[in-house]
Structures are given as C-alpha cells and as structure tokens.
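1. one predicted model, sequence on top.
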Amino acid sequence: MIAALLIGFGLGASVAAQLGPMSLLTIRSTLRNGIWVGLAIGAGIAVVDTLYAAAGAAGAGVVLRFEPIRVFAGIAGAVVLVYLGAKTLYSAFRIRLGGETGEELATPKRAFVVALGATASNPLTIASWAAVFAAASTAGATEGAAVLTLLAGVGLGSMAWMTVLTGGVSLLRRWVGDRMLRTVDGLAGIGLLGFGGLLAFRTFRD
C-alpha cells in the first residue's frame, strides 16, 4: 500500500510539474491575487487529475477512441483555453493595478470553480492516464485496493507540486510591479492561446 501511495504521489507530482496552460494560469493568478487563489486553482487541478486518473484506471480511455467523442472533447478543450487566454490578454492591457472585475479569478472560490472547468475541459488526458496506469500495473500498483491508494497518491502529489509552485511565486509577488504583472498577463495569455491552438491542431490532425 505504501508503495502504491508513493508511486501515485510521484505520478501526480510529475504530471502537475509539466508546464501547461493551468501552470501558466496558476502563476498569473497567484501574482495577481495572492497565494490562496493560487492554492484554490491547485486544488481544482488536483481534484480533476484524480478523477481523470480514476477514469483512466477504469478503462474510460477506450471511449475516446470513438472519433466523434474525441473530436468534440478536443474542440471543447481548445475553446475553453482560447477563452481563458483572451481574457488574460485583455487584462494585460489594463492600466490600473488590481483592476480585476468580478468575472476574473479574484477569490479562491471562483478560482477553484474555474480551475475545475478549465482542467476538465481536456478529457483527452484520460487516455494519457490510461497509458500511465497500464505502465503502473507492471509494478503491481493497480491491483485490488492498491488502486484507491494509488489514486490518493495522485491527488496528493498533484496538490503538493501546486503548493510548491504557488508558494514560490507568492514569495516573488512583493517585488512584482504593475508593468511586470502586465507582462506576465501577456505571456500567460499568449501561452493559453497557444495551448488551445495546439490542442485544436492535434485534434483534427489525429
């Protein structure tokens, strides 16, 4: 059981540590609104990672082999990422520091909900988790009750990495001025748009 927990923790942390759209959104939001907003986003990411890992372990990745479902999932994910990227770019052109509206990630509750939706918008990751669990099965970590322990480890590992990320970013927050914030917003917005475009491209290419 301990081995399954450690394997899951490592998988969750390694997946969360990959630079992706949600990492960019977390960095940007932590700088803008503080560590609690960043942690709320991290919690949303960890929840969806765990649920998608469970779906992958249950064999749901097979469903995504059906072309209409795969294309719909890819397009939906791309639209969400492009939308978030456009909103982030818009904030990059704001003049006044801290001028977020109620529609943005200004509170932990709102940030958690947005993170749930944004992370869940790419269900194609279920197929990736299915492959991960297929590999983990060789270590005997997906047998019986060990699966639940492995999934718990995935959630803990994902949240642990997001805590490290938001903690590090929050330490830099005091030295980040208005101009730097707009630069971060711009880079994050471009990155989100890029990831959205890449997801759409891969969806139609495959």
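-> Nice, thanks for sending it over.
2. so who does the spatially most central residue of the chain touch?
-> In the chain, the residue lying closest to the centroid (CA atoms, centre = their mean) is M22, at 4.0 Å. Each residue near M22 by CB atoms under 8 Å, 6 or more residues apart in numbering is listed here: 41, 45, 115, 118-119. Yep, even glycine has a C-beta here, placed from its N, CA and C like the rest.
3. L25 too?
-> Shown in contact with L25 (CB under 8 Å, 6+ apart): 41, 84, 88, 105, 115, 118, 188, 192.
4. mind putting the contacts of M22 into JSON lines with pLDDT?
-> Shown next, in JSON lines, are these (pLDDT from 0 to 100):
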{"residue": "I41", "pLDDT": "94"}
{"residue": "I45", "pLDDT": "91"}
{"residue": "A115", "pLDDT": "89"}
{"residue": "A118", "pLDDT": "84"}
{"residue": "T119", "pLDDT": "84"}
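5. can I get those in a markdown table including distance to R174, secondary structure and neighbour count?
-> Rendered in a markdown table, the data for those read as follows (distance: CB to CB, whole Å; DSSP: H, G, I helix; E, B strand; the rest coil; neighbours: other CB atoms under 10 Å):
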| residue | distance to R174 | secondary structure | neighbour count |
| --- | --- | --- | --- |
| I41 | 20 | helix | 31 |
| I45 | 25 | helix | 29 |
| A115 | 24 | helix | 27 |
| A118 | 27 | helix | 22 |
| T119 | 28 | helix | 26 |
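6. which one among the residues you listed gets closest to A200?
-> Nearest to A200 out of those is A118 (CB to CB; 15.6 Å).
7. surely that closest one and L84 touch.
-> Yes: with contact defined as CB atoms under 8 Å, A118 reaches L84; the gap is 6.1 Å.
8. follow-up on the earlier one: ok, now how distant is the residue nearest to the centre of the chain from G12?
-> 14 Å (CB to CB, to the nearest Å).
9. please, which helix or strand holds G197?
-> Assigning secondary structure by DSSP states H and E places G197 in helix 178-205.
10. that helix packs against which elements?
-> Packing partners of helix 178-205 (3 or more CB pairs under 8 Å, 6 or more residues apart in numbering; DSSP states H and E): helix 21-33, helix 67-92.
11. many thanks, I have nothing further to ask.
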